[in-house]
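Q: Need the 3D shape of this:
(chains A, B, C and D)
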2 protein chains.
Amino acid sequence: MTLNEKITRNGFRLTAPRKKILSILAIQQQPISFDEYTLLDPTIDKSTFYRTMQSFESVRIINGIESDTGKRYFELTETIHPHFICQHCHSIVCLPSQPPIALQGYSIESVIYKGVCPQCLK
Amino acid sequence: MTLNEKITRNGFRLTAPRKKILSILAIQQQPISFDEYTLLDPTIDKSTFYRTMQSFESVRIINGIESDTGKRYFELTETIHPHFICQHCHSIVCLPSQPPIALQGYSIESVIYKGVCPQCLK
DNA sequence: ATTTTAATGCAACTTAGTTGCAATAAACCT
DNA sequence: AGGTTTATTGCAACTAAGTTGCATTAAAAT
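A: This next block holds a predicted model:
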């Protein structure tokens, strides 16, 4: 199922702002915040952006990550992978996929590690 | 090193609001938010609470966790353990301690799993 | 006991994200 | 294709969480 099918089959309309959001998120190496997104697409409206994130999160097109800066970061959920948040420089890094963790009774969808990144440890 | 020593040796003063915060956090089963804290101690001032969290986080007396509700949750860092955040009911659960994860070059201080909890899966 | 200075408590502020609503435009239907 | 329906947009106003400035208070050092 392509991304566009995922959208239309879930009853969402494929609009211009949504296409742009998806095309921009598709080329990111890390999750990005609304602030970072507006630098790449200054025409976007705040509420359109956040509403799109909510809609697409609800059908697992997008994955949101809470930073310790009080902002949310977003990425496409193409390949599931863990993330690392540096508590010193607050960067969010995608980590290589790892074998899924099993936890009796729980459905685990993502993993976040917090700590200090190699650069900040120096 | 006791908790009080940890506080005074880091140059912090052992004040009445701080003692109360610590005594209340000490008897929690899960991390709590400012809202939840005020129910247990209605005399606390918002800025005193948050400033205490910041100070004590900086010296690892307290561990903060970002929920997907846009709130931060706090707990004492006595025993390090992972947490689970349910994306459906937004509860935060302490999980039993697990063998530490190694990640080349990184210092990992905590792990958060996100997904759906057993109750919500039913 | 006095002095020093960190911490408190209040009010005002900031910032991220949400909401209401009229206008717009996908997608559906002959 | 043209008309209709209804989801989505874009704007402004709002909310909620957390922060900041500052005068006052009280730990702790002398």
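Q: make it CA atoms for all contacts and neighbour counts henceforth
A: OK.
Q: helix, strand or coil for the residue of chain A found nearest DNA strand D?
A: Proximity to DNA strand D, evaluated over chain A using CA to the nearest atom of the strand, is greatest for residue A:12 at 3.3 Å. Applying DSSP: H, G, I helix; E, B strand; the rest coil to residue A:12 yields a three-state assignment of coil.
Q: so after the longest strand seen in chain A, what's the next helix or strand?
A: Taking DSSP state E as the assignment, the strand of chain A that covers the most residues is strand A:107-116. Counting by DSSP states H and E, the element after strand A:107-116 in chain order, helix or strand, is helix A:118-121.
Q: pLDDT-wise, which helix or strand of chain A ranks last?
A: Least confident helix or strand of chain A, by mean pLDDT, DSSP states H and E, is helix A:3-9 with a mean of 93.
Q: Just the buried positions in it, please.
A: Buried residues in helix A:3-9, counted by 16 or more other CA atoms under 10 Å in any protein chain shown: residue A:7.
Q: Which other helices and strands does that helix contact?
A: Under the contact criterion of 3 or more CA pairs under 8 Å, 6 or more residues apart in numbering or on different chains; DSSP states H and E, helix A:3-9 touches no helix or strand at all.
Q: which residues touch the next helix-or-strand element following it?
A: Downstream of helix A:3-9, the first helix or strand assigned by DSSP H and E is helix A:16-26. Residues lying outside helix A:16-26 but in contact with it, judged by CA atoms under 8 Å, 6 or more residues apart in numbering or on different chains, are A:31, A:32, A:40, A:44, A:48, A:49, A:52, A:75, A:76.
Q: Now do the contacts for the spatially most distant residue from the centre of chain A.
A: Centroid-distance maximum for chain A: residue A:122 at 28.1 Å, with CA atoms, centre = their mean. Residue A:122 makes contact with no residue under the criterion CA under 8 Å, 6+ apart.
Q: tell me which residues in the helix or strand harbouring residue A:73 are buried?
A: Assigned by DSSP H and E, residue A:73 belongs to strand A:72-76. Of the residues in strand A:72-76, those with enough neighbours to count as buried (16+ other CA under 10 Å) are A:72, A:73, A:74, A:75, A:76.
Q: for stretch A:39-50, same thing?
A: Under the neighbour-count rule (16+ other CA under 10 Å), stretch A:39-50 has A:44, A:49 buried.
Q: hmm, it touching chain B?
A: No - where contact is defined by CA under 8 Å from any CA of the partner chain, no part of stretch A:39-50 touches chain B; the two come within 13.4 Å at best.
Q: Contacts for that stretch next, please.
A: A:17, A:21, A:24, A:34, A:38.
Q: Export the buried residues of strand A:72-76 to JSON lines and append columns for pLDDT and distance to chain B.
A: Rendered in JSON lines, the data for those read as follows (pLDDT from 0 to 100; distance: CA to the nearest CA, whole Å):
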{"residue": "A:72", "pLDDT": "98", "distance to chain B": "9"}
{"residue": "A:73", "pLDDT": "98", "distance to chain B": "11"}
{"residue": "A:74", "pLDDT": "98", "distance to chain B": "12"}
{"residue": "A:75", "pLDDT": "98", "distance to chain B": "15"}
{"residue": "A:76", "pLDDT": "97", "distance to chain B": "16"}
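Q: The longest strand of chain A pairs with which strands, and in what direction?
A: Listed by DSSP bridges, the sheet partners of strand A:107-116 and their directions read strand A:83-86 (parallel), strand B:107-116 (antiparallel).
Q: Could you list the residues of chain A in contact with DNA strand D?
A: Taking CA under 7 Å from any atom of the strand, the part of chain A that reaches DNA strand D is made up of A:11-13, A:15-18, A:44-48, A:51-52, A:70.
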